[in-house]
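Colleague: The following block contains a protein sequence and its predicted model.
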Amino acid sequence: MAVSTRVDFLEAFYRGGFAGYLNILFFPMTALMVLGVGYAQEWLSTVHSVRGGSPLSGAAVDAIAADMWDRHERAMDEVGATTDMFDPRSGALWIGNPLNPQNAGYIDPHTGVTFNDA
């Protein structure tokens with residue numbers, strides 16, 4: 001592309017839209033990505049045989065997927081519990097916690113004013 005500033009034919013070529021298309025098509029990362037897909041597929045198909053293992057059966061894959069789904073559900077339940085103001089597991093956010101400013105019995109430690117007095 002730098003040569004196109006000195007050569008008239010290349011300057012005319014690089015001003016066109018086709019040159020932009022070719023730059024994207026032959027961009028080194030695009031080429032590496034396209035060539036890398038086949039390499040990755042071949043490498044993944046041989047990994048289990050190199051390490052002396054065997055490919056997983058359908059039942060084993062289903063068991064692993066079910067275990068991962070259970071772990072995900074448990075993690076999402078814990079996240080929901082920590083952000084739900086009506087769940088006691090949410091700590092200071094819980095509406096029944098006396099440290100929560102939304103609680104009717106809350107006393108502001110800086111002013112000494114209760115929620116009802118405000």
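Modeller: Thanks, I have it. Residues are numbered from 1 along each chain as shown.

Colleague: Near Trp94, how many other residues are there?
Modeller: Counted by other C-beta atoms under 10 Å, the residues lying close to Trp94 total 18. All C-beta atoms are positioned from the backbone trio N, CA, C, and that covers glycine.

Colleague: Kindly report the same for Ile107.
Modeller: Using other C-beta under 10 Å as the criterion, Ile107 is surrounded by 15 other residues.

Colleague: what do you get for the one 5 residues further on?
Modeller: Neighbours of Gly112 under the rule other C-beta under 10 Å: 8.

Colleague: Look up how far Tyr106 lies from it.
Modeller: Distance from Gly112 to Tyr106, counting by C-beta to C-beta, to the nearest Å: 11 Å.

Colleague: before we move on, what about Val113?
Modeller: 9 Å.

Colleague: now the helices for this protein?
Modeller: Remark: helices assigned in the chain by DSSP state H are 8-14, 17-25, 28-50, 58-83.

Colleague: rank the ones you listed by mean pLDDT and give me the bottom one.
Modeller: For these, mean pLDDT drops lowest on helix 28-50, to a mean of 80.

Colleague: Identify the residues contacting that one?
Modeller: For helix 28-50, contacts defined as C-beta atoms under 8 Å, 6 or more residues apart in numbering pick out 24, 54-55.

Colleague: coming back round to it: Val113 and Tyr106: which has the busier surroundings?
Modeller: Neighbour totals were compared for Val113 and Tyr106, and Tyr106 leads with 17 against 11 (other C-beta under 10 Å).

Colleague: gap between that one and Pro98?
Modeller: For Tyr106 relative to Pro98 (C-beta to C-beta), the value is 6 Å.

Colleague: again, but for Met68
Modeller: Between Met68 and Pro98 the distance is 40 Å, computed by C-beta to C-beta.

Colleague: got it, and Ser4?
Modeller: Going from Ser4 to Pro98 by C-beta to C-beta gives 74 Å.
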